[in-house]
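> I'd like to go over a predicted model; first the sequence, then the structure.
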Amino acid sequence: MPKIVSAAEAVRHIPDGVIVAVNSSSGLNCPDSILAAMGERFDREKSPGNLTMIHPIAAGDMFGIKGIGHIAKPGMISKVVAGSYPSGPSTAEPPQIWQMITGNEIAAYNIPSGIVFDIMREAGAKRPGVITKVGLGTFVDPDHEGCAMNGRAAAQPIVRKITFEGEDWLFFPTITPKVSIIRGSTCDSRGNMTFGQEGAYLGAMELALAAHNNGGIVIAQVRKIVGNDTIKPHDVHVPGILVDYIVEAPDQWQTTQTPYDPAISGEEQRPLSSFDLMEFGTGKVIARRVAQELRAGWAVNLGFGVSANVPRIFIEEGLHGQCTWVLEQGPVGGVPLLEFQFGCSSNAEAFVPSAHQFTYFQAAGFDCSLLSFLQIDPDGSVNVSKLAARPHVTAGAGGFVDITARARRIVFSGFFNAGAKMQVADGKLVIEKEGKVKKLTKALDQISFSGKRGKMQGQDVTYVTERCVMKLTPNGIMVTEIAPGVDLQTNVLDQSEFPLLVASGLKTMDAALFKPDKLGLRLHD
């Protein structure tokens, strides 16, 4: 029978030198009270120390839920394996965990989130590791960075390339946690956990099995402890037989900047009229043009950035429901939320555990993915995971590599260069001053998507910017459309560090994109 204890008591059962896995996605499902208690205990006792932390998706944020920030202390952490890390604006001071990474104080790895969940599943089944093609040709590949974020990590390789049945694969040996920390909504004294007020399950079950089946402990944080026999069995997502300690935290926030919103957990339906629509401008031009790439009935994955606004374009155009949006955190359907709440959806049709969602993504079960880019190189490869000058501005790869590994169609979106001064006027794009930072560059800071593999696999890849649309072709990147008011040579070709191909039938982007009225978007079957 699990024990109901305080957070301070729970963390006294975490030994020095062990592997600890945490189920979280920024503020979503973050067991912040337990992480805070870990940090407080270390301040008093210098224990638990020398920990290896596993975070399939980031734990905490820079906006009120500290997460990993509670334990980012010299001597407390020696290694971090994470799909992503807390991120924020370039003007903010980097979080302590980023300072430790860039200062080479700890070994830090950025492994695609789906692979981390796979590793947890392998640990739970006591299998030797994960064999996958996800990450070949990217920073995940040992031929490039092997997931290492600094020198300490590079000296302790975490992935190797193997040949199996005559093909190249990546092999990640199993990492087995001795402690897993998970969070839900309610729990009875037997430890049966529900997630009824959460916006996702993430990998709670996978992390619990990984620790429990290997003789470790599972610590569960919940908002409320309820009486036995009051929870319906279908509502239990993690059974009490896997839980060792229960911590009640009535003030836990549902997600970043959100104490509680019943539409995020699907307990209430939010009216479509309540969602803010994009203001007219260059960002909306991009989101509208991305929306034109979609077809009725598609299941569409969304990443952070401009393309996350496409569902709002659908609402404005009266097309809500004609595509189903799917997020790596697990929501299916509804309206994906923006900014601090990204990763959550209002009015979701279903919540899928992230480990299952990534199986869906890694095998390209969906129809199209809408993602951002920081940089593009001559091969069509994309960097979205590393900004060398200010690393904490990006969270790392998250699920990006899992999603793009085999995706049939990918639409990358972003501004053509950084810092340009421009406006939309009279149905045209007016570029008043070009940006100083070219995003079409000869060399990437990091390869998050491999254009070479994309061409080899026949992936349909489109790049949408405010001034042009481009396609990945066997011979290079080709400009296929150009915005009205834009000069091809001055505003496009000269703003790339490498030569671009130009389609013989170069088109002008739809003029309606550049007008404040509704687009009149219609999706083809």
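Yes, it's here.
> show me where the stretch 1-150 of the chain has strands.
Using DSSP state E, counting those that start in this stretch, the strands of the stretch 1-150 of the chain run over 3-4, 19-22, 51-55, 77-82, 107-110, 129-132.
> which positions in the last one come out as buried?
It refers to strand 129-132. 129, 130, 132 (16 or more other Cβ atoms under 10 Å). Where you see a C-beta, it was placed from the backbone N, CA and C, and this is true even at glycine.
> before we move on, the earlier item: please identify which of the strands of the stretch 1-150 of the chain is closest to residue 416.
With Cβ to Cβ as the measure, strand 107-110 is the member of the strands of the stretch 1-150 of the chain nearest residue 416 (26.8 Å).
> show me what the closest one is packed up against.
strand 77-82, helix 151-154 (3 or more Cβ pairs under 8 Å, 6 or more residues apart in numbering; DSSP states H and E).
> closest one to residue 104 among these?
helix 151-154 (5.2 Å).
> just the C-alpha atoms of the longest helix belonging to the chain, please, in PDB.
Under DSSP state H, the helix in the chain containing the largest number of residues is helix 32-45. Only the C-alpha atoms of helix 32-45 are listed here, as PDB (Å, rounded to 0.1, in the frame of the first residue of the first chain):
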ATOM      1  CA  ASP A  32       6.900  21.100  -9.100                       C
ATOM      2  CA  SER A  33       6.300  20.600  -5.400                       C
ATOM      3  CA  ILE A  34       8.400  17.500  -5.300                       C
ATOM      4  CA  LEU A  35      11.200  19.000  -7.400                       C
ATOM      5  CA  ALA A  36      11.200  22.000  -5.000                       C
ATOM      6  CA  ALA A  37      11.400  19.700  -2.000                       C
ATOM      7  CA  MET A  38      14.300  17.900  -3.700                       C
ATOM      8  CA  GLY A  39      16.200  21.200  -4.100                       C
ATOM      9  CA  GLU A  40      15.400  22.200  -0.500                       C
ATOM     10  CA  ARG A  41      16.700  18.900   0.900                       C
ATOM     11  CA  PHE A  42      19.900  19.300  -1.100                       C
ATOM     12  CA  ASP A  43      20.400  22.800   0.300                       C
ATOM     13  CA  ARG A  44      20.100  21.400   3.800                       C
ATOM     14  CA  GLU A  45      21.800  18.100   3.500                       C
END
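> the inter-axis angle of that helix versus strand 77-82?
Helix 32-45 runs at 160 degrees relative to strand 77-82, counting by axes from the mean of the first three to the mean of the last three Cα atoms, to 10 degrees.
> any idea how far helix 32-45 is from the middle of the chain?
27 Å (Cα atoms, centre = their mean, to the nearest Å).
> quick one: residues in contact with that helix.
6-8, 10-12, 14, 22, 47-49, 59-60, 65-68, 70-71, 73, 75-76, 181, 219, 221, 247, 249, 252-253 (Cβ atoms under 8 Å, 6 or more residues apart in numbering).
> what is the mean pLDDT for it?
Helix 32-45 carries an average pLDDT of 98.
> in it, what counts as buried?
Buried residues in helix 32-45 (16+ other Cβ under 10 Å): 32, 33, 34, 35, 36, 37, 38, 39, 41, 42.
> do stretch 150-165 as well
150, 152, 153, 154, 158, 159.
> can you give me the end-to-end span of that stretch?
33 Å (Cα to Cα, to the nearest Å).
> so which bits of stretch 75-95 are buried?
76-77, 79-88, 94-95.
> now, among those, which is nearest to residue 479?
residue 87 (31.3 Å).
> who are the contact partners of the closest residue to the closest one other than its chain neighbours?
Distances taken as Cβ to Cβ, 6 or more residues apart in numbering place residue 395 nearest to residue 87, at 4.0 Å, with adjacent residues excluded. Contact partners of residue 395, counting by Cβ under 8 Å, 6+ apart, are 58, 84, 85, 86, 87, 385.
> reformat those as JSON lines; add distance to residue 521.
Formatted as JSON lines, the contacts of residue 395 follow (distance: Cβ to Cβ, whole Å):
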{"residue": "58", "distance to residue 521": "34"}
{"residue": "84", "distance to residue 521": "32"}
{"residue": "85", "distance to residue 521": "36"}
{"residue": "86", "distance to residue 521": "36"}
{"residue": "87", "distance to residue 521": "32"}
{"residue": "385", "distance to residue 521": "31"}
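> next, give phi and psi for residue 189.
phi -70, psi -10 (degrees, to the nearest 10).
> which residues touch it?
1, 2, 4, 225, 227, 228, 246.
> tell me the most packed of those, by neighbour count.
When neighbours are taken as other Cβ atoms under 10 Å, the top entry among the contacts of residue 189 is residue 246 (24 neighbours).
> now do that residue against residue 130, distance only.
31 Å (Cβ to Cβ, to the nearest Å).
> hang on, the earlier thing: of the buried residues of stretch 150-165, closest to residue 101?
Using Cβ to Cβ, the buried residues of stretch 150-165 come closest to residue 101 at residue 150, 5.7 Å.
> how distant is stretch 266-286 from the center of its chain?
21 Å.
> could we number from 28 for the rest of this?
Noted, 28 is the first residue going forward, which turns the last one into stretch 293-313.
> what about the helices in the stretch 278-427 of the chain?
309-318, 337-343, 381-389, 427-431 (DSSP state H, counting those that start in this stretch).
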